[in-house]
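**Q** Sharing a model that was predicted from the sequence below.
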Amino acid sequence: MINPRHFLRMAKWAHRPPSEKRVKFVIMIILICAALFLVERYVGWPDALKPNSFKL
């Protein structure tokens, strides 16, 4: 079941949609995340970028 606040947010977006600049920004963030996921999934993550595990 959808929370009533979601209906209010959808109504707000219908009356005042986000700017084109905001939409492009969100799409770029999603594409960057997808690219990082694909690199990690198929190529592997470089050892230089992995966090070091320090044992105290």
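**A** Right, received. Where do you want to start?
**Q** Is residue 5 within a helix or a strand, and which one?
**A** helix 4-15 (DSSP states H and E).
**Q** Report the mean confidence score over whichever helix or strand residue 24 is part of.
**A** Secondary structure from DSSP H and E places residue 24 in helix 20-38. Per-residue pLDDT over helix 20-38 has a mean of 95.
**Q** which secondary structure elements does it contact?
**A** For helix 20-38, not one helix or strand is in contact under the criterion 3 or more C-beta pairs under 8 Å, 6 or more residues apart in numbering; DSSP states H and E. For the C-beta atoms, the positions are set from N, CA and C on the backbone; glycine is no exception.
**Q** Pull it out as PDB, backbone CA atoms only.
**A** Written as PDB, here are the backbone C-alpha positions of helix 20-38 (Å, rounded to 0.1, in the frame of the first residue of the first chain):
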ATOM      1  CA  GLU A  20      15.800  19.700 -17.100                       C
ATOM      2  CA  LYS A  21      19.200  20.400 -15.400                       C
ATOM      3  CA  ARG A  22      18.100  18.300 -12.300                       C
ATOM      4  CA  VAL A  23      16.900  15.500 -14.500                       C
ATOM      5  CA  LYS A  24      20.200  15.400 -16.400                       C
ATOM      6  CA  PHE A  25      22.100  15.400 -13.100                       C
ATOM      7  CA  VAL A  26      20.100  12.500 -11.700                       C
ATOM      8  CA  ILE A  27      20.500  10.500 -14.900                       C
ATOM      9  CA  MET A  28      24.300  11.100 -14.900                       C
ATOM     10  CA  ILE A  29      24.500   9.900 -11.300                       C
ATOM     11  CA  ILE A  30      22.600   6.700 -12.200                       C
ATOM     12  CA  LEU A  31      24.800   6.100 -15.200                       C
ATOM     13  CA  ILE A  32      28.000   6.500 -13.100                       C
ATOM     14  CA  CYS A  33      26.700   4.000 -10.500                       C
ATOM     15  CA  ALA A  34      25.800   1.600 -13.300                       C
ATOM     16  CA  ALA A  35      29.200   1.900 -14.900                       C
ATOM     17  CA  LEU A  36      31.000   1.300 -11.500                       C
ATOM     18  CA  PHE A  37      28.800  -1.700 -10.900                       C
ATOM     19  CA  LEU A  38      29.600  -3.200 -14.400                       C
END
